[in-house]
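Enquirer: using only what follows, build the 3D model:
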Amino acid sequence: MSGNGHPNPAAIRARLTHPVIDADGHWLEFGPVLGEQLRKIGGSAAADGFASVRGGVREALMMSVEERQRRRISQEGFWGSPERNTRDRATGLLPRLLYERLDELGLDFAVLYPTTGLRVPRITDDTQRRAACRAFNVYTADCFRDFADRMTPAAIIPVHTPDEAIEELEHATQLGFKVAMFGSLVPRPVEAVRAQDPEVARFATWYDPLGLDSAYDYDKLWAKCVELRIAPTFHTGFRRQGLRLSPTNFTYNHIGHFAAAGHAVCKALFLGGVTRRFPTLNFAFLEGGVGWAAMLYADLIGHWDKRNRKALEHTDPRSLDRAMLMDLVRKYGSEEMAAALRQRDGWPDPDAVKATGGIADLDDYSACRIERKEDIKDLFTSRLYFGCEADDPINAWAFDSRVNPMRSRLNALFGSDIGHFDVPDMMDVLPEAYELCEDGLITADDFRDFTFANAVRLWGTVNPAFFTGTVVEKPAADVLRTA
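Expert: The predicted model follows:
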């Protein structure tokens with residue numbers, strides 16, 4: 001038994017008939033070394049870009065609360081890695097040590113995302129961003145090259161323009177990357193404001209979700225993903241904007257921020273018709289859990305019920321029986337109401353029929369061509385995947401077909417999040433995930449999907465060779481044969 005009363009990883013693995021894939025682990029960059037390596041690889045632009053990412057967080061943490069309140073800067077995360085457990089701290093820093101410990105942790109294969117590198121694709125300076133991403137990917141590929149049979153890292157892809165993203169994606173695949181972490185929610189200036197003061201401009205920004213109403217047509221990027229056999233994954237946070245600007249409380253800013261980002265991008269890709277136009281491409285949204293996805297799936301269906309082409313006839317002002325309304329107002333209303341209605345020729349709002357925002361197509365679902373509810377199910381549940389941390393009890397929602405519309409199951413992915421503060425002991429990750437089985441909230445088959453088969457489908461149906469040469473090659477191939 002582990003220290004928290006759960007079976008330890010070895011005991012759990014003895015019960016399983018399948019491998020375990022960690023779809024979202026993290027490695028910890030050692031800043032002093034990485035900064036110099038980026039300078040050697042990408043010059044001063046890469047090093048300065050990386051320094052700006054690290055420096056911005058440190059600057060906020062060194063401010064007084066009063067200064068953060070004055071400038072409305074959010075309280076950043078401090079003490080973000082396990083320190084008392086020195087072996088775990090070292091495991092996050094040292095890929096070779098993690099490789100040696102995978103069996104001990106109960107993991108067969110791990111997909112690893114960066115830590116500070118999560119923010120590199122959002123560097124605002126174009127030259128620094130592109131140089132930093134390029135150098136970071138070169139360095140990462142070299143760090144993990146010897147461990148490909150059991151670990152694979154994610155390349156970081158900037159997406160301020162589709163051309164920028166395509167150029168880096170092509171380079172990353174040449175380096176041997178099979179996983180790509182795309183930036184998202186790109187901050188763009190509000191044209192009506194265009195403030196010159198950077199302190200003001202921060203509050204005059206909209207965030208591009210790469211799908212619906214984007215500043216660019218990203219379809220050529222998604223087409224390039226199909227060509228290169230890359231399943232886009234998103235690991236974007238959103239805790240420094242909007243409703244997450246507490247200058248005193250990190251937890252307030254942190255809770256739900258990955259979910260908020262995933263919700264926005266997923267919704268934009270879906271309603272923007274991307275999943276319709278690219279039916280062979282899978283998309284994953286990491287570390288936000290599956291609760292938001294279950295709600296979004298139900299909300300998309302609920303809104304379609306009320307806002308589809310046919311349903312809009314119930315709210316079309318032209319469908320109003322004005323004579324009946326006038327009779328009812330005369331009988332039950334006041335004389336003032338009746339007089340006002342007569343002045344408007346029986347229309348409560350004469351301009352309503354024209355007040356539709358100037359859009360040509362009133363059907364919000366036209367881009368994804370939804371004709372029936374089952375179309376939403378097909379597009380949402382087959383190609384979208386949702387990264388879940390091990391200790392989240394809401395993970396069970398993904399598999400509860402009694403609750404999800406049309407008895408659906410969502411594609412939840414097991415992600416350890418090792419290396420970060422919310423994993424004080426790496427040995428507890430698999431046991432915490434398995435607790436859902438112990439509590440009877442999911443079945444053994446559900447757990448297999450959660451910790452293995454869904455990850456295989458995410459990457460393997462887009463790239464059938466993804467697991468070739470890995471320790472899970474044969475069982476992954478068995479999953480793909482029935483996918």
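Enquirer: residue contacts, the nearest residue to Ser214 once chain neighbours are set aside?
Expert: Excluding the flanking residues, the one nearest Ser214 by Cβ to Cβ, 6 or more residues apart in numbering is Asp208, at 5.3 Å. (Each C-beta comes from the backbone N, C-alpha and C, glycine too.) Residues near Asp208 by Cβ atoms under 8 Å, 6 or more residues apart in numbering: Leu185, Val186, Pro187, Arg188, Ser214, Ala215, Tyr216.
Enquirer: derive a PyMOL selection command for the buried subset of the residues you listed.
Expert: The PyMOL selection below is limited to those of the contacts of Asp208 classed as buried (16 or more other Cβ atoms under 10 Å):
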select buried, resi 185+186+214+216
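Enquirer: which single one of the contacts of Asp208 is nearest to Ala396?
Expert: Nearest to Ala396 among these is Leu185, at 28.3 Å by Cβ to Cβ.
Enquirer: checking the nearest residue to the closest one once chain neighbours are set aside next. Helix, strand or coil?
Expert: Spatial nearest neighbour of Leu185, chain neighbours left out: Tyr207 (4.1 Å); criterion: Cβ to Cβ, 6+ apart. State at Tyr207, reduced to three classes by DSSP: H, G, I helix; E, B strand; the rest coil: strand.
Enquirer: separation between Tyr207 and Ala23?
Expert: Separation of Tyr207 from Ala23 (Cβ to Cβ, to the nearest Å) stands at 25 Å.
Enquirer: just Asp391 next, same as before
Expert: 15 Å.
Enquirer: sorry, back to before: tell me which of the contacts of Asp208 is nearest to Leu379?
Expert: Distances from Leu379 to these, taken by Cβ to Cβ, are shortest for Ser214, at 18.6 Å.
Enquirer: wait, isn't the closest one in contact with Gly273?
Expert: No. Applying Cβ atoms under 8 Å as the test, Ser214 and Gly273 come out as separate, 11.8 Å apart.
Enquirer: in the helix or strand where Lys474 lies, what counts as buried?
Expert: Lys474 belongs to helix 473-481 when assigned by DSSP states H and E. For helix 473-481, a neighbour-count test (16+ other Cβ under 10 Å) marks Pro475, Ala476, Val479, Leu480 as buried.
Enquirer: sorry, back to before: looking at Tyr207 and Ala23, which one has more neighbours?
Expert: Neighbour count, other Cβ atoms under 10 Å: between Tyr207 and Ala23, Ala23 has more, with 28 against 17.
Enquirer: name the spans of the stretch 201-350 of the chain whose pLDDT lies under the cut-off.
Expert: For the stretch 201-350 of the chain, the stretches flagged by pLDDT under 70 are 201-202.
Enquirer: and the helices in it?
Expert: 219-228, 250-254, 257-271, 274-277, 291-307, 322-332, 335-343 (DSSP state H, counting those that start in this stretch).
Enquirer: tabulate these (CSV), appending distance to Lys377 and mean neighbour count.
Expert: Formatted as CSV, these follow (distance: least, Cβ to Cβ, whole Å; neighbours: other Cβ atoms under 10 Å):
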stretch, distance to Lys377, mean neighbour count
helix 219-228, 21, 17
helix 250-254, 32, 17
helix 257-271, 12, 23
helix 274-277, 12, 19
helix 291-307, 8, 17
helix 322-332, 39, 12
helix 335-343, 44, 12
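Enquirer: dump the ones you listed to a markdown table, plus distance to Arg122.
Expert: A markdown table is the format used below for those (distance: least, Cβ to Cβ, whole Å):
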| stretch | distance to Arg122 |
| --- | --- |
| helix 219-228 | 17 |
| helix 250-254 | 16 |
| helix 257-271 | 11 |
| helix 274-277 | 21 |
| helix 291-307 | 21 |
| helix 322-332 | 53 |
| helix 335-343 | 53 |
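Enquirer: ok, which of the ones you listed comes nearest Leu97?
Expert: Between Leu97 and the helices of the stretch 201-350 of the chain, the tightest spacing by Cβ to Cβ is seen for helix 257-271, at 26.8 Å.
Enquirer: what packs against the closest one?
Expert: On a contact count with 3 or more Cβ pairs under 8 Å, 6 or more residues apart in numbering; DSSP states H and E, helix 257-271 meets strand 232-234, strand 283-285, helix 291-307, strand 384-389.
Enquirer: swap in 10 Å and give it another go.
Expert: Packing partners of helix 257-271 (3 or more Cβ pairs under 10 Å, 6 or more residues apart in numbering; DSSP states H and E): strand 205-208, strand 232-234, helix 274-277, strand 283-285, helix 291-307, helix 373-383, strand 384-389.
Enquirer: so what's Ala455 closest to, chain neighbours aside?
Expert: Excluding its sequence neighbours, the residue lying closest to Ala455 (Cβ to Cβ, 6+ apart) is Ile21, at 4.1 Å.
Enquirer: for the one you found, give me phi and psi.
Expert: phi -110, psi 120 (degrees, to the nearest 10).
Enquirer: try Phe182
Expert: The phi and psi values for Phe182, taken as degrees, to the nearest 10, are phi -90, psi 140.
Enquirer: before we move on, back to that, wait, which of the helices and strands packed on helix 257-271 is closest to Thr451?
Expert: Between Thr451 and the helices and strands packed on helix 257-271, the tightest spacing by Cβ to Cβ is seen for strand 384-389, at 10.3 Å.
Enquirer: tell me what the closest one is packed against?
Expert: Helices and strands touching strand 384-389, by 3+ Cβ pairs under 10 Å, 6+ apart, are strand 21-26, strand 232-234, helix 257-271, strand 283-285, helix 291-307, strand 411-415, helix 429-438, helix 454-460.
Enquirer: could I get the ones you listed as CSV with distance to Thr248?
Expert: Shown next, in CSV, are those (distance: least, Cβ to Cβ, whole Å):
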stretch, distance to Thr248
strand 21-26, 26
strand 232-234, 29
helix 257-271, 16
strand 283-285, 29
helix 291-307, 26
strand 411-415, 29
helix 429-438, 30
helix 454-460, 38
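Enquirer: residue contacts, Thr116?
Expert: Residues in contact with Thr116, defined by Cβ atoms under 10 Å, 6 or more residues apart in numbering, are Leu28, Glu29, Phe30, Gly31, Leu34, Gly35, Phe50, Val53, Arg54, Val57, Gly80, Phe136.
Enquirer: please pick out the residue of this structure most distant from its centre.
Expert: Glu335 (56.0 Å; Cα atoms, centre = their mean).
Enquirer: OK, contacts around that one?
Expert: Contact analysis of Glu335 by Cβ under 10 Å, 6+ apart lists Val329.
Enquirer: closest to the centroid, which residue in the chain?
Expert: Central residue of the chain (Cα atoms, centre = their mean): Phe285, 2.8 Å from the mean position.
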